[in-house]
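Give the three-dimensional model of this entry:
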Amino acid sequence: YSEAAELNQRTLALRLQVSGEENEETFALQRNITIDLRAQGDFAAASKLSEEIYHKSKRMFGEDDPETLNAAYQHAISLRLAGAYREAAELDQDTLRRRIEVLGRDHVRTFGVNSSLIVDLREAGDYGQARVQQERLTENFYARFGADQSDATTNTFLLSVARRKDGDHPGALSLSTEALRRFRLFYGDDHSVTMGCALAHSIDLRHSGDLAAAKKLGEEVFER
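Down below sits the predicted model:
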């Protein structure tokens, strides 16, 4: 992550010299830097930058342009990580509506923002609504793209969390077991996505009563 951040900063400096501040390629690099800031845990700076990019994109390209919709999607992630769940949900709801109009319901980016909206609702405490919507989204994603690729596994993982938050602990354990197996195949044990899923799975194990396995896995994730 640190190497990526340094490279993005150098590339942005060159891009600014060539293209200036209000340029699509400049915005794309600034979005990368937003992601770098989030990876560093600087959610306040990430939210400030992503908001700036979003407003510039709206002014230059209009609210329905794919560039603006991508900027809105990224800003909502920053808001969610900063704890502004309701504000993130409002933005994701608007972005979802616009992506359906521009890209269609079955586009992978439409599914992506729909998934983000459900996470917003879940983190805001709307567990029942989030679980119902995630069940439907996961089923539709499998039907459209299949169940064997990484984005499908992400939906499986998100559904496991939604089920646990809504009180379905056996259903959550079944899904997180499968999601963790697949993430290990895709990314290995040391990837942040795998570790996030492993930590969630350790909670499912704990809720199932398998305290020894939960403790062991939780300690492994902590050390990683």
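
and residue 188, what are its phi and psi?
Phi and psi for residue 188, reported as degrees, to the nearest 10, are phi 90, psi 170.

which other residues reach whatever helix or strand residue 87 lives in?
Assigned by DSSP states H and E, residue 87 falls within helix 85-103. Among residues not part of helix 85-103, those counted as contacts by CB atoms under 8 Å, 6 or more residues apart in numbering are 63-64, 66, 69, 72-73, 75-77, 79-80, 107, 109-110, 113-114, 116-117, 120-121, 123-124. Heads up, the C-betas are built off the backbone N, CA and C, glycines and all.

cool, stretch 208-219 as well?
With CB under 8 Å, 6+ apart as the test, stretch 208-219 has contacts from 169-170, 173, 198-199, 201-203, 205-206.

Can I get it as PDB, trimmed to CA atoms?
Only the C-alpha atoms of stretch 208-219 are listed here, as PDB (Å, rounded to 0.1, in the frame of the first residue of the first chain):
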ATOM      1  CA  SER A 208     -22.100 -21.400  17.000                       C
ATOM      2  CA  GLY A 209     -20.400 -22.400  20.300                       C
ATOM      3  CA  ASP A 210     -17.100 -23.500  18.800                       C
ATOM      4  CA  LEU A 211     -15.100 -21.300  21.100                       C
ATOM      5  CA  ALA A 212     -11.700 -23.100  20.500                       C
ATOM      6  CA  ALA A 213     -11.900 -22.700  16.800                       C
ATOM      7  CA  ALA A 214     -13.100 -19.100  17.100                       C
ATOM      8  CA  LYS A 215     -10.200 -18.200  19.400                       C
ATOM      9  CA  LYS A 216      -7.600 -19.900  17.200                       C
ATOM     10  CA  LEU A 217      -8.800 -18.200  14.000                       C
ATOM     11  CA  GLY A 218      -9.100 -14.800  15.800                       C
ATOM     12  CA  GLU A 219      -5.600 -15.000  17.100                       C
END
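
average pLDDT for that stretch?
Mean per-residue pLDDT for stretch 208-219: 98.

quick one: buried residues of it?
Going by neighbour count (16 or more other CB atoms under 10 Å), the buried part of stretch 208-219 is 214, 217-218.
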